[in-house]
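A.B. asks: Sequence and predicted structure are below.
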Amino acid sequence: MSTKHSTRSDENMFTKRREPLGFMLWLGVAGSLLLFTVIFITYWVRADPNAYHYIVLPDLFWLSTLVILFSSITLHEANLAFRQERFLHFRVFLGATLGLGITFMLLQAGGWYVMSENMIFFKDNMAIGLVYLLTGLHMLHILVGIVYLARLFQKAVRNRSYVDSFVYSVNPPNRLKVKLATRYWHFVDALWLIVFLLLVVIYH
């Protein structure tokens, strides 16, 4: 008994066995954070500081922030319902998350349209370019999440009976898919909050 205990205690974060897909997701998260950081620093250093004060962020960006926050809540509830075998609630909350994700993208596109109506879409200005580049890259991250959530929702709807849903839920790879989807979606939500708060501070 003591041998087993000592073996577990000797195991640290660098030597313990990791789940490959989960580890790959964390590597992707780190890579995305590094990419956004490099872009932000590059634009901040090279752009004219005075140009930032002539740009007003669309109100739709504020609304999309509320939408993305609610989507994190609904996906958390979906993940919880999945683990507790409340499969109807899982489908409802997963569908709600998918709908909120699509709504977020539409609001972001609407924000871009508002900026284009103000004739600043094609201006040669690095301060403006920062807005489109950061929000555009984030939209790509959201799109990846939406595609993945859509596949999960399709399978959830297909397994409508309790037996089919239960068999699906006890399959370890399926549980992992839901877990990783939740983790990824929370990341892109947090990433938008960071990006949006930085933009608000810069363009105040």
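C.D. replies: Received, thanks.
A.B. asks: so where's this structure shaky on pLDDT?
C.D. replies: 1-19, 47-55, 118-127, 203-204 (pLDDT under 70).
A.B. asks: In it, where's the longest helix?
C.D. replies: In the chain, with assignment by DSSP state H, the single longest helix is helix 126-158.
A.B. asks: just checking, what packs against that helix?
C.D. replies: Judged by 3 or more Cβ pairs under 8 Å, 6 or more residues apart in numbering; DSSP states H and E, helix 126-158 is in contact with helix 20-46, helix 87-117, helix 162-169, helix 172-202. For the C-beta atoms, the positions are set from N, CA and C on the backbone; glycine is no exception.
A.B. asks: quick one, it and helix 172-202 angle?
C.D. replies: 150 degrees (axes from the mean of the first three to the mean of the last three Cα atoms, to 10 degrees).
A.B. asks: ok, and for helix 126-158, which residues are buried?
C.D. replies: Residues of helix 126-158 classed as buried: 126-128, 130-131, 133-135, 137-139, 141-142, 145-146, 148-149, 152-153, 156 (neighbour count, 16 or more other Cβ atoms under 10 Å).
A.B. asks: tilt between it and helix 87-117?
C.D. replies: Going by the same axes, to 10 degrees, helix 126-158 makes 160 degrees with helix 87-117.
A.B. asks: what's the angle from helix 126-158 to helix 20-46?
C.D. replies: Helix 126-158 runs at 160 degrees relative to helix 20-46, counting by the same axes, to 10 degrees.
A.B. asks: Quick one: distance of helix 126-158 to the chain centre.
C.D. replies: Chain-centre distance of helix 126-158: 7 Å, with Cα atoms, centre = their mean, to the nearest Å.
A.B. asks: Dump the helices and strands packed on helix 126-158 to CSV, plus distance to Leu69.
C.D. replies: Listed next are the helices and strands packed on helix 126-158 as CSV, based on distance: least, Cβ to Cβ, whole Å:
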stretch, distance to Leu69
helix 20-46, 19
helix 87-117, 9
helix 162-169, 27
helix 172-202, 7
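A.B. asks: Which secondary structure element is home to Arg160?
C.D. replies: According to DSSP states H and E, Arg160 maps onto no helix or strand at all.
A.B. asks: Next, find the distance separating it from Phe166.
C.D. replies: According to Cβ to Cβ, to the nearest Å, Arg160 and Phe166 sit 12 Å apart.
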